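> For reference, the sequence and a predicted model appear below.
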Amino acid sequence: MTLLCWFLGGYLVGCLLMNLYWRFSNQAAAFAFCISVYENAAWTISADDLFWHLLQRDLFLLSGLFLADLFSWGSIMACTVVCVGGCLLGLLTSGILLEEGVYWWLRGILWMLPCFLCSGTVLAKELLHVWKGTYRLQRQRRPAAKQLLPFIGHVFLVICLAAVACRVESIILMAFLAKK
């Protein structure tokens, strides 16, 4: 529940920042701020290229979370990732809504939906592990290798799940592109 509150707080901050930018910037700067999802913007990418870009994105986030899961400051990292993610989503959705209107805002949300359903579930589960400190190294008499073996198995499993989720996400997004 705490992570959800951090995400919603970041989302609201992102919406507020975009609205303040929109209100107090001049019109030329506001029109130059194009972060919209356009209809023909992603037609040139292949399914394999999209898969590798999505996998690279997820592995970048997961590597930071894996590292944070080992140490006591991992919960701070989890809150930071969730808050920044919410802020970026708030900026993006508010920018689309203010620049393009409700139709493109809904299309942008539908375009992001496979990300939340596929890769988002893997990242959310790992964020929850980091928040709880599941694999945090303890100062005990047993060797660190015995502490790290379950963690290495967990890392391998999560990377495999992330690869499968990225493949499914790329297939769904390519199906959306093929319909147009």
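On my side now, so go ahead.
> In the chain, where is pLDDT below threshold?
Residue ranges of the chain with pLDDT under 70: 21-44, 137-145, 179-180.
> ranges for the helices of it?
For the chain, helices defined by DSSP state H occupy the ranges 2-24, 27-32, 47-70, 74-100, 102-117, 119-132, 144-178.
> I'd like these laid out as CSV, including mean neighbour count.
Every C-beta, even on glycine, is put in place using the N, C-alpha and C of the backbone. Formatted as CSV, those follow (neighbours: other C-beta atoms under 10 Å):
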stretch, mean neighbour count
helix 2-24, 16
helix 27-32, 10
helix 47-70, 17
helix 74-100, 20
helix 102-117, 15
helix 119-132, 19
helix 144-178, 15
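> right, and V81 touches L61 too?
Yes. Counting by C-beta atoms under 8 Å, V81 sits close enough to L61 to count as a contact (7.0 Å).
> what sits against the nearest residue to N19 once chain neighbours are set aside?
Sequence neighbours aside, S94 is the residue nearest to N19 in space, at 6.2 Å (criterion: C-beta to C-beta, 6 or more residues apart in numbering). By C-beta atoms under 8 Å, 6 or more residues apart in numbering, S94 lies in contact with G14, C15, M18, N19, W22.
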